[in-house]
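Student: Attaching a predicted model along with its sequence, questions to come.
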Amino acid sequence: MESGTIGTEVMRFATFEVDLRSGELRKGGMKLKLGGQPFQVLAILLEQPGAIVTREELQKRLWPDTFVDVDHNLNTAINKIREVLGDSAENPRFVETLPRRGYRFVASVDGAGNGAKPPAITSADTAAPRRWQVIGGSLLVGALLLLAGAGFLLYRERHVPASPKQRTLTRITFDDGLQIGATWSPDGRYIAYSSDRGGKFDIWVQQVSGGDPVQITKGTGHHWQPDWSPDGKYIAYRSEEGEGGLYMVPALGGAGLERKISSFGYFPRWSPDSSQILFQTHFAPIPNINNFYVAHLDGSAPSEVPAEFLARHKLWPAAAVWHPDGKRVSVWVSPLTKAQTLHSDAAPSPSIWTVPISGGEAIRMEIAPAIEHELTEVANGRVGGEHQGDFSFAWSPSGKALYFECGYRGAINIWKMIVDPETLRATALERLTTGPGPDGSLAVSSDGRRLAFTAKSQQIRNWLFPFDATTGRITDAGQPITTAGRTALFPNLSRDGGHVAFSVIRAGAWGLWEKSLVDGREVPIIADEYSRTGPQWSPDGMQLVYTREKSSEAAPQQLMLWSSQTHSEEPLTTLSETQRYPYDWSPDGASLLVAQDAADTKSEVWLVPLAAVPHAETSARKIISDPKRDLYQPHFSPNARWIVFEAVANLPTFAESVLYVVPAAGGVSTPITDGRHWDDKPRWSPDGKTIYFVSGRGGVFNVWGIHFNPTEGKPVGEPFRVSTFGGSGLTIPRWIPPVELSLSQNKLVLNMAEVSGGIWVLDNLER
């Protein structure tokens, strides 16, 4: 085996560190500004420290099919590398120039596999002089080769004949932040995507073979979710400017040439003949709250599809794409009930229905038992609930393969199913990426040979922010308070501000953990074969109430009480198919506010007395209900006079989530938000004069507040913004159900996602 670094994604030299997945150069832990082609050149030189890399080799790697001024581009890149590293051409410590030949990295390089891993791919690899191979294992055996500059990662599989067309994985974007939503030009030479490189998301177009991207959209608000029309003329996208909506713009851009398609909707998708655009009504991946429409380019109102079919079969739709024939749409539906979808993991296999848009027989994709078994084995009974993906999927142009993202045991990756185009029966399965993910937002090129997707680096932890609950101001930078590498959800801050209870998924089950804000200890409260979610501290901080269910089941479940004195739990309610989720204790600690629903009922607010333990449901009393809306997140005001809650309705053109206040003794509910945005997680300030909540205004979740008159029971003034999180970096996760907001007079706790990522291209899909 030739010398080299196997499986290395972080490389170090002197005081510098290069992270090949994130595309970052750091010195002493501080990130340096080196991106684009200079970073690619440095990565290629680091592949072979001490060896000469010729200018011809660099040209082939960086500009294989494009006419550029190679000498100028290389000189610029090398000068930039030297400038950032503090190097010189006369006395090189790192990069040496060999006149008329090329360049050589002269410092010693160490590799270590402890950084963010690039998205792995499975492939049959033919023998090549400068590729390393390691034989071992039983099913997937092989050589892990990282060619950093182009981002290749290859495996050899035992018992699979070597293919003349090996798969290669190439990173296309190297900017800081997040690049997402890649879409191909029809000729496959360009991709469009959204990037926050300018401080907010805009649409950019870039050559796949290299070169600088061109900004297509401008103006205020985020512009994202692009889709390139198959005829190559336009790019459709979602804009958050003003009241938001769907727009189209010429593929080469142009100020003032934007055209509004629809005043509502997200994720536009062109039909194969470029005559119509399919889109959905909700921006967050919540399967039971979504509708689908087709927009026509003649200016007529969008028409809903396939509403009658979904309603008749009581299916919860998550996402939809065009079938390659352009006459049908394929819908990914959730087989779970409404309550299970909001709080549980999905099924091990995608459930896809293909429905004619003009009416006719729908076909459910039949998945061969062997495939079902494989997905179940990999998932171990649970699928990606700790950080759901976006249910992204796409057909190959031939209709012979379906590509989809799915999360298994904490890793969201991209998979390929071979499908019979006549019967839509899935006959084979292949996992295309095997890294930690999440990998998603996928797009297939028009020739079916390449897949573009975003490989993210994502970590979800509980964060603590210094906070003034009276003025509604975050007073300083926040900091994570839970361990890196451990996904933490459902945080709940004790009322004295000293402890945070939260859920962590390990070994397929949700365990309860506690973080002390007094001494910094982070310890498990209870962890076994059960899953426990939604912990809520009692007013005195001596007990926790939460939901418990078997890890391998979505139901039955029950409410449990845990004592901080005995460190043991006891049932509060009987094991039942009825879904109950605790949200708050009464100020006197005698009862609980619970959102409750059965299989076919709307979620209602019930008052559950603790005195009736262990059969408290027998003495429970329904206090708030609405036949048209699901009710969640009920919380008592500090004086116990009022209850704030969230009311959710899946309206025809948007998902409505409105916050209401109702007298605890009963009476008329008063809306405190307008319903035009997704408003969630309402919480009272300690003085009861402000209600804080999480809102999706502007397409990104942030903390907002609204003042409240506790005497009259009415909101005062307009909502005001508390936090300024963006769409990448530190952000509130888009998968909103397990997000919780918790606060005291001087602390605010949220589970936050640290997100970055770039766009990669996987070649030879149909080898």
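Tutor: Okay, I see it.
Student: so what's Pro614 up against?
Tutor: The contact partners of Pro614, taken as C-beta atoms under 8 Å, 6 or more residues apart in numbering, are 570-574. For every residue, glycine as well, the C-beta is placed using N, CA and C.
Student: mind listing the helices for the stretch 251-400 of the chain?
Tutor: Ranges of helices in the stretch 251-400 of the chain, per DSSP state H, counting those that start in this stretch, are 307-313, 338-343, 369-379.
Student: What are the phi and psi values at Thr711?
Tutor: For Thr711, the backbone dihedrals (degrees, to the nearest 10) come out as phi -80, psi -50.
Student: need the contact list for it.
Tutor: Counting by C-beta under 8 Å, 6+ apart, Thr711 touches no other residue.
Student: gap between it and Asp687?
Tutor: To Asp687, Thr711 is 13 Å away according to C-beta to C-beta, to the nearest Å.
Student: Report the set of residues contacting both of the two.
Tutor: Counting by C-beta under 8 Å, 6+ apart, nothing touches both Thr711 and Asp687.
Student: In terms of mean pLDDT, which of the helices of the stretch 251-400 of the chain ranks lowest?
Tutor: When the helices of the stretch 251-400 of the chain are compared by mean pLDDT, helix 338-343 comes last with a mean of 47.
Student: Lowest mean pLDDT among the helices and strands, pick that one out for the protein.
Tutor: The weakest-scoring helix or strand in the chain, judged by mean pLDDT, DSSP states H and E, is strand 145-147 (a mean of 25).
Student: Show me the shaky parts of the stretch 51-200 of the chain.
Tutor: 64-69, 111-165 (pLDDT under 70).
Student: where do the helices sit along it?
Tutor: Secondary structure of the stretch 51-200 of the chain (DSSP H, counting those that start in this stretch): helices at 55-62, 70-85.
Student: Show me where the stretch 151-300 of the chain has its strands.
Tutor: Remark: strands assigned in the stretch 151-300 of the chain by DSSP state E, counting those that start in this stretch are 152-154, 169-171, 179-184, 190-195, 202-207, 214-215, 223-228, 234-239, 245-250, 259-262, 266-270, 276-280, 292-296.
Student: now do the stretch 351-500 of the chain
Tutor: 351-356, 363-364, 366-367, 393-395, 401-408, 411-419, 425-431, 439-444, 451-468, 473-474, 479-480, 488-493, 499-506.
Student: Distance to Phe39 added to the strands of the stretch 151-300 of the chain, as TSV?
Tutor: Formatted as TSV, the strands of the stretch 151-300 of the chain follow (distance: least, C-beta to C-beta, whole Å):
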stretch	distance to Phe39
strand 152-154	16
strand 169-171	10
strand 179-184	14
strand 190-195	16
strand 202-207	15
strand 214-215	20
strand 223-228	24
strand 234-239	27
strand 245-250	30
strand 259-262	37
strand 266-270	31
strand 276-280	36
strand 292-296	40
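Student: Quick check: which of these is nearest to Gly448?
Tutor: For these, proximity to Gly448 was assessed by C-beta to C-beta; strand 179-184 is nearest, at 10.7 Å.
Student: what helices or strands is that closest one leaning on?
Tutor: On a contact count with 3 or more C-beta pairs under 8 Å, 6 or more residues apart in numbering; DSSP states H and E, strand 179-184 meets strand 190-195, strand 223-228, strand 439-444, strand 451-468, strand 747-762.
Student: can I get the strands of the stretch 151-300 of the chain in CSV with distance to Leu442 and mean neighbour count?
Tutor: Converted to CSV, these look like this (distance: least, C-beta to C-beta, whole Å; neighbours: other C-beta atoms under 10 Å):
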stretch, distance to Leu442, mean neighbour count
strand 152-154, 17, 24
strand 169-171, 13, 23
strand 179-184, 8, 26
strand 190-195, 12, 25
strand 202-207, 17, 22
strand 214-215, 23, 14
strand 223-228, 13, 25
strand 234-239, 17, 25
strand 245-250, 21, 20
strand 259-262, 23, 16
strand 266-270, 13, 22
strand 276-280, 16, 22
strand 292-296, 19, 20
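Student: in which helix or strand would I find Gln40?
Tutor: Taking DSSP states H and E as the criterion, Gln40 maps to helix 36-47.
Student: any idea how far the closest residue to Pro268 other than its chain neighbours lies from Ile286?
Tutor: For Pro268, ignoring the flanking residues on the chain, the nearest one in space by C-beta to C-beta, 6 or more residues apart in numbering is Ala236 at 4.0 Å. Applying C-beta to C-beta, the value for Ala236 to Ile286 is 23 Å.
Student: likewise Gln745?
Tutor: Gln745 sits at a distance of 32 Å from Ile286 (criterion: C-beta to C-beta).
Student: again, but for Ser300
Tutor: 29 Å.
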